[in-house]
Structures are given as structure tokens and as C-alpha cells.
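Student: no sequence on this one, just coordinates:
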């Protein structure tokens with residue numbers, strides 16, 4: 001059962017993506033770090049899959065179990081009052097139904113947003129077929145609606161991170177995926193690995209909904 005306060009947090013998190021100001025979303029790896037970030041004044045917090053795994057003594061890449069992930073989310077949402085979004089990697093499942101089980105457990109644990117990526121977790125990394133990812137995002141949106149929560153779905157593409165395909169065609173492919181994910185029910189787009197200002201601007205002008213950029217020393221300043 002979703003509480004009124006969790007639904008309110010979901011709506012609040014959605015509004016934060018509309019700005020201004022730009023949403024700066026810090027990544028926590030456990031309850032203690034989440035508490036510190038909330039005390040520092042951040043209006044919302046996301047978990048980091050690599051950080052959560054490292055805190056539990058594992059490498060990144062779905063090496064922890066679904067149960068371990070959900071338990072970490074429960075601990076974070078128990079100690080902070082602001083919205084929490086969860087990096088659930090590729091969903092901790094080999095089928096659409098298994099991924100939906102993960103989403104349901106994460107929502108039940110108190111989260112109001114998820115980050116879902118579109119690459120495989122196999123040894124040879126590759127992008128998932130766009131038709132599958134569209135079907136998955138639509139199913140997640142339907143599940144969230146059935147639970148009466150306006151879940152914020154951050155659709156991540158690993159196109160740039162994995163350097164898939166001809167570099168000259170990556171922007172076009174990213175726009176194609178972004179618009180398809182949006183039509184399926186995604187609330188924002190996350191082209192992880194993208195840091196060039198001109199390409200960020202090109203995507204921002206083409207996709208017409210919020211886009212997230214992972215900050216690192218190579219990315220433009222927030223003002224840019």
C-alpha cells in the first residue's frame with residue numbers, strides 16, 4: 001500500500017525535474033551518506049549502484065542480489081524525508097516479469113524514482129533492442145499506475161558509455177531512443193558517458209523532456 005506521503009514525494013520529485021533551478025541530484029551509497037546529503041540541503045537523493053555495491057563489499061554490475069538492493073533502499077528511505085530515486089541498473093532480472101518484480105519491491109521499499117539502463121549485463125556489453133526497452137518502460141509505467149504512484153522513470157542509454165556504433169551516428173541513435181522511451185512513459189533521459197557541451201545541447205534541443213547528465217571533471221559547469 002502506497003502512503004499519501006510517498007505519493008507526495010513522487011510528485012515533488014517530478015516537479016524538481018521541471019526547474020528552475022536545475023536539479024543537482026547527489027548519489028548516496030547507504031543510509032548514513034543519504035542522511036548527510038539531506039542535511040546538506042539537497043532536495044532529493046539518488047542511490048548509486050557502484051557505491052551501494054562497494055559498501056556491501058561487491059563490484060558493480062548487479063553483483064549484489066535483488067534482496068540486498070531492496071534492503072539498502074529500505075534503510076535509506078527510513079532515515080530521510082526527501083524523495084529517493086534508485087539506480088536499479090538493468091533491473092535484476094532476465095525477463096520483463098522479473099524486472100517488474102524488482103520495480104515493485106523498490107517502490108514498496110519507499111522509493112519514488114528509478115534509473116533503468118538499456119544495456120545487457122553480460123560479459124560482452126551491448127544495447128538491448130529498442131523494442132524490448134520500450135515494452136519494459138511501458139510495463140513499468142503501467143505497474144506504477146496500478147500501485148497509484150507517479151513513479152519518475154529515468155531512462156538511461158549506454159550508447160555513449162559503451163561507444164556503440166559509428167561515432168557520427170550516435171547522436172541520431174540517442175535521439176531515436178530518447179523519443180521512443182518518452183513515448184513509452186519515461187519522465188527523463190540519461191545519456192550516461194556524454195560530456196561534450198555541444199552534443200548535450202544538441203540532444204537537449206531535440207528530445208523535449210528533461211535530460212540528466214552525470215557530472216565529472218569533463219562535463220560543462222552547471223551554468224553551461
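Tutor: Nice, I can see it. Given the structure is predicted, the values throughout are model-derived calculations rather than measurements.

Student: neighbouring contacts of stretch 142-157?
Tutor: 2, 6-7, 10-11, 13-14, 17, 85, 100, 103-104, 107, 112-118, 127, 133, 137, 140-141, 174, 177-178, 181-182, 185-192, 212 (Cβ atoms under 8 Å, 6 or more residues apart in numbering). Where C-beta positions appear, they are placed from N, C-alpha and C, glycine not excepted.

Student: quick check: the gap between residue 116 and residue 132.
Tutor: Going from residue 116 to residue 132 by Cβ to Cβ, to the nearest Å gives 12 Å.

Student: which of the two has more neighbours?
Tutor: residue 116 (24 against 11; other Cβ atoms under 10 Å).

Student: three-state assignment of the more buried one?
Tutor: At residue 116, secondary structure determined by DSSP: H, G, I helix; E, B strand; the rest coil is strand.

Student: residues contacting it?
Tutor: By Cβ under 8 Å, 6+ apart, the residues touching residue 116 are 88, 89, 90, 91, 99, 136, 137, 140, 153, 154, 155, 156.

Student: quick check on these: which are buried?
Tutor: Among the contacts of residue 116, those scoring as buried are 88, 89, 90, 91, 99, 136, 137, 140, 153, 154, 155, 156 (criterion: 16 or more other Cβ atoms under 10 Å).

Student: burial measure for the nearest residue to residue 66 once chain neighbours are set aside, as a count.
Tutor: Excluding the flanking residues, the one nearest residue 66 by Cβ to Cβ, 6 or more residues apart in numbering is residue 92, at 4.3 Å. Neighbourhood size, residue 92 [other Cβ under 10 Å]: 22.

Student: again with the one 3 residues further on
Tutor: By other Cβ under 10 Å, 9 other residues sit near residue 95.

Student: how about the strands in the chain?
Tutor: 27-28, 45-47, 84-87, 113-117, 152-157, 188-191 (DSSP state E).

Student: for the contacts of residue 116, which one is nearest residue 51?
Tutor: Lowest distance from residue 51 to the contacts of residue 116 (Cβ to Cβ) belongs to residue 89, with 12.4 Å.
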